[in-house]
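[1] Curious how this folds, go ahead:
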Amino acid sequence: MVSRRCALQWWGALIMALLPAARGSAQQKISKIDAKYQERPHGQQRCEICLQFQPPVGCNVVAGSITPRGWCQFFAARENAH
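    Sure, this is the predicted structure:
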């Protein structure tokens, strides 16, 4: 019988081994033009309160640098965003 600790270590090692492969197959980012990105907010919607925003100037969806005060059509507000 395999101990719980041994099984967890095995699963952890497997997951860590697979992470680089998963990252390599990640979907390409979308161009600013295709995302309809603009460097100004859309009403109260702005990149800095979006789920996809990666401080200080990154995005999980849009390629290249973005401004925290920008906006694109893929905006999705974080919970408790103001």
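[2] burial measure for Ile15, as a count.
    10 (other Cβ atoms under 10 Å). C-beta: built from backbone N, CA, C; applies to glycine.
[3] Need the three-state assignment for it.
    Look at Ile15: counting by DSSP: H, G, I helix; E, B strand; the rest coil, its state is helix.
[4] so what's Arg69 up against?
    Glu39, Arg40, Pro41, Arg46, Cys47, Glu48 (Cβ atoms under 8 Å, 6 or more residues apart in numbering).
[5] Locate it within the secondary structure: which element?
    Assigned by DSSP states H and E, Arg69 falls within no helix or strand.
[6] and the gap between it and Ile15?
    As judged by Cβ to Cβ, to the nearest Å, Arg69 and Ile15 stand 37 Å apart.
[7] Just the buried residues of stretch 57-71, please?
    Within stretch 57-71, the residues that qualify as buried are Cys59, Val61, Val62, Ile66, Thr67, Gly70, Trp71, counting by 16 or more other Cβ atoms under 10 Å.
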